[in-house]
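Participant: Provided below are the primary sequence and the corresponding predicted coordinates.
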Amino acid sequence: MAAKLEGGAYLSSFVDAVLEKLSPILEDDDFVLEENDSALELLGRLERSLYDVGSVLDDAELKQFSDKKVKKWLVDLQDALYKADDLLDELSTKAATATQRDPDQLQHKSLRELYVEACDSLKLLPLGDFPNLKKLMISKCQSMECVVVPQALPSLQYLSISECPSLVSLPALTLTVPQLEELHICDCPEINCFAEEFLPPSLKTLEVTKCQKLASWITSKGLQSEGLTHLWLGPCFDVKSFPREGCLPASLQALKLSNFPNLETLDCKGLHHLTSLKSLAITDCEKLENITEEHLLPSIEHIYIGEDCPLRWKLARRDGRPMV
């Protein structure tokens, strides 16, 4: 921690960054703290203190090497800035998810897109009344464990959740996002299942990448989603044969399997169930060399199999069709 203090520019830029987050809160008459005068007064005092601190940082930087008290003051200041930064992140999130507000003030009734990013201290994300929200993206929330949707988001069509290593559960999608069309879940290693057996019938595109537990659950339990057309899945380390019959919805038009390092056999019984499949892509499956039947589905128009996959060359020699 002290090593950072030897560069005064670090603390100065940190103070400026906290002030940038704080100023809009104090200037917004409709902010979530509008009825809490004591909290607003404390934030006002914080702003004045930060301006005062900024004016003496350069002098303190020079004195820290000869005066231990000044150096300790800088260390304490840095800790306080970290806490203030986390607090402002939480306040901003609460403002975005407030539910008991006049729609003409916060205007959450007309909100179309919402981005939640890098709220490291946030463990629970409560989503309020957003009847017209169409796109929601959540990323890099290191401590977030669950997303709570107390009432449905009836207009949501696009949901992306990425780089949330502590996230363990999702809400029941069919009930909470009945019009969802695209779902992207990436790098959330602790999610191990969907909350319900059937996904929303409106869902067209599903991406599950860098979510080993969830990918394993899908390959073992199967997907029940009658309208799904595009699926991207991987990595998955414990599968030797895929897909089994009935594992994937018959509506699939495009399937991409990526990084199945122990996959040995492509099961055509499962593929022949996918009568609408037009595109098949398989990458990073270096052990895949077997296929359970002589021919792939005639409906498949585009096939790509990675060069590290022995099955690529076997099919090319047998069928005479390019694998790109």
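Facilitator: Happy to help now that I have it. Residues are numbered from 1 along each chain as shown.
Participant: alpha carbons only for contacts and neighbour counts from here, please
Facilitator: OK.
Participant: which residues does Thr205 bridge with?
Facilitator: Note on Thr205: beta-bridge partners by DSSP bridges are Glu182, His230.
Participant: gap between it and Glu181?
Facilitator: Counting by C-alpha to C-alpha, to the nearest Å, the separation of Thr205 from Glu181 is 6 Å.
Participant: try Leu223
Facilitator: The gap separating Leu223 from Glu181 is 15 Å, by C-alpha to C-alpha.
Participant: tell me the helix or strand right after the longest helix seen in the chain.
Facilitator: Taking DSSP state H as the criterion, the chain has its longest helix at helix 68-97. Once helix 68-97 ends, the next helix or strand along the chain (criterion: DSSP states H and E) is strand 113-117.
Participant: what packs against that next one?
Facilitator: Counting contacts by 3 or more C-alpha pairs under 8 Å, 6 or more residues apart in numbering; DSSP states H and E, strand 113-117 is packed against strand 135-139.
Participant: now do the buried residues in the strand it packs on.
Facilitator: For strand 135-139, a neighbour-count test (16 or more other C-alpha atoms under 10 Å) marks 135-136, 138-139 as buried.
Participant: next, the angle strand 113-117 makes with it.
Facilitator: Orientation note: strand 135-139 sits at an angle of 0 degrees relative to strand 113-117 (axes from the mean of the first three to the mean of the last three C-alpha atoms, to 10 degrees).
Participant: show me the domain layout of this protein.
Facilitator: Domain assignment for the chain by automatic domain parsing gives 2-97, 108-319.
Participant: tell me the SS of the spatially closest residue to Pro200 that is not a sequence neighbour?
Facilitator: Of all residues not flanking Pro200 in the chain, Thr174 sits nearest, at 4.6 Å (C-alpha to C-alpha, 6 or more residues apart in numbering). Per DSSP: H, G, I helix; E, B strand; the rest coil, the local secondary structure of Thr174 is helix.
Participant: now do the strands in the chain.
Facilitator: 113-117, 124-126, 135-139, 146-148, 158-162, 182-186, 205-209, 230-234, 241-242, 254-258, 265-266, 279-283, 290-291, 302-305 (DSSP state E).
Participant: now for the third one, which elements pack on it?
Facilitator: Applying 3+ C-alpha pairs under 8 Å, 6+ apart, one finds that strand 135-139 contacts strand 113-117, strand 158-162.
Participant: ok, now the fifth one?
Facilitator: Using 3+ C-alpha pairs under 8 Å, 6+ apart, the elements in contact with strand 158-162 are strand 135-139, strand 182-186.
Participant: in a markdown table, list the ones you listed along with distance to Glu90.
Facilitator: Shown next, in a markdown table, are those (distance: least, C-alpha to C-alpha, whole Å):
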| stretch | distance to Glu90 |
| --- | --- |
| strand 135-139 | 14 |
| strand 182-186 | 23 |
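Participant: rewinding a little: deepest-packed of the helices and strands packed on strand 135-139, please.
Facilitator: Each of the helices and strands packed on strand 135-139 was scored by mean neighbour count; the highest is strand 158-162, a mean of 19, by mean count of other C-alpha atoms under 10 Å.
Participant: so what strands line up beside that one?
Facilitator: Paired neighbours of strand 158-162 in the sheet (DSSP bridges): strand 135-139 (parallel), strand 182-186 (parallel).
Participant: which helix or strand in this structure has the lowest average pLDDT?
Facilitator: Here the helix or strand of the chain ranked lowest by mean pLDDT, DSSP states H and E is helix 2-5, holding a mean of 37.
Participant: how about His273, what does it touch?
Facilitator: Applying C-alpha atoms under 8 Å, 6 or more residues apart in numbering to His273 gives the contacts 245-246, 250.
Participant: which one of the residues you listed sits closest to Trp217?
Facilitator: Distance to Trp217 across these (C-alpha to C-alpha) is lowest for Gly246, with 14.6 Å.
Participant: hang on, isn't that closest one packed against Asp267?
Facilitator: No - Gly246 is beyond contact range of Asp267, at 11.2 Å (criterion: C-alpha atoms under 8 Å).
Participant: who wins on neighbours among the contacts of His273?
Facilitator: Neighbour counts for the contacts of His273 (other C-alpha atoms under 10 Å) peak at Ala250, which has 21 neighbours.
Participant: that residue: what's it in contact with?
Facilitator: 226, 273-276.
Participant: now Pro154
Facilitator: Pro154 sits next to 131-133, 176-179 when contact means C-alpha under 8 Å, 6+ apart.
Participant: thank you kindly, that will do.
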